[in-house]
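Undergrad: Need coordinates for the below:
(2 chains)
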Amino acid sequence: SQELEQSPQSLIVQEGKNLTINCTSSKTLYGLYWYKQKYGEGLIFLMMLQKGGEEKSHEKITAKLDEKKQQSSLHITASQPSHAGIYLCGMTGGTSYGKLTFGQGTILTVHP
Amino acid sequence: DTEVTQTPKHLVMGMTNKKSLKCEQHMGHRAMYWYKQKAKKPPELMFVYSYEKLSINESVPSRFSPECPNSSLLNLHLHALQPEDSALYLCASSQVGQGARRGYTFGSGTRLTVV
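TA: Reported below is the predicted structural model:
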């Protein structure tokens, strides 16, 4: 079974709309990473959350970590076509580096 | 320099060929990684090098042979691959310990096709 579950698996929105992607872990979270990937390309680091209640922003993208629920949410405000891509959440185990494993990804399409 | 550079970008090889994928970073990171990504799937970890020593091997078949000749370079040697090994191969690097919270930096990948 998947250690990290992302929802929804795919999302189609109109430009300007807000959206949220969720990532839930079945194990204790020591670090939660968000990446964006264009099809067939490398991963772009968005942000990393480590502490419960932590919230970070990168341009119009905000991510929060709920440590008790072992869950993170990624929120995009006023989406643009440039936000389209695959969003991946990732987690590490008890060590500070090493095995970074990913959720199955959320495919975001933004229609102009 | 905040990039991880992978070469080649595309590679087509026969099942009897020997080829190598290369990865280079100049960010002073001491941990380097190889990931394999099949279409419509997330990246899956293959190998981790820490201070130029292999620290994690995720039970990868021996036809994949990693090498870390120095702190900036990571190679993946390929031999006798199968068509199902066709995938996007991603290299990544990070600092070790608390520095890893700054994130893992990924290269743009090598698209491998085995014919």
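Undergrad: burial measure for residue B:13, as a count.
TA: 17 (other Cβ atoms under 10 Å in any protein chain shown). Backbone N, C-alpha and C define where each C-beta goes, glycine included.
Undergrad: Bridged to it, which residues?
TA: Per DSSP bridges, the residues bridged to residue B:13 are residue B:114.
Undergrad: try residue B:93
TA: residue B:32, residue B:105.
Undergrad: can you check residue A:23 too?
TA: Under the criterion used (DSSP bridges), residue A:23 bridges to residue A:6, residue A:72.
Undergrad: what about it, how many neighbours?
TA: 27.
Undergrad: For it, list the residues it contacts.
TA: A:4, A:5, A:6, A:32, A:34, A:71, A:72, A:73, A:74, A:89, A:103 (Cβ atoms under 8 Å, 6 or more residues apart in numbering or on different chains).
Undergrad: Does the fourth one touch residue A:49 like I think?
TA: Yes: taking contact to mean Cβ atoms under 8 Å, the distance of 4.8 Å between residue A:32 and residue A:49 places them in contact.
Undergrad: any residues in contact with both of these two?
TA: Joint contacts of residue A:32 and residue A:49 (Cβ under 8 Å, 6+ apart) are A:65, A:72.
Undergrad: so what strands line up beside the lowest-mean-pLDDT helix or strand in chain B?
TA: Using mean pLDDT, DSSP states H and E, strand B:53-57 stands out as the lowest-scoring helix or strand of chain B, at a mean of 91. Applying DSSP bridges, strand B:53-57 is found paired with strand B:44-50 (antiparallel).
Undergrad: pull the CA atoms of the partner strand into PDB?
TA: Only the C-alpha atoms of strand B:44-50 are listed here, as PDB (Å, rounded to 0.1, in the frame of the first residue of the first chain):
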ATOM      1  CA  GLU B  44      11.300   5.400  -7.200                       C
ATOM      2  CA  LEU B  45      14.600   5.500  -5.400                       C
ATOM      3  CA  MET B  46      17.300   3.200  -6.700                       C
ATOM      4  CA  PHE B  47      20.600   4.200  -5.000                       C
ATOM      5  CA  VAL B  48      21.900   6.700  -2.400                       C
ATOM      6  CA  TYR B  49      25.500   7.800  -2.000                       C
ATOM      7  CA  SER B  50      26.600   9.600   1.100                       C
END
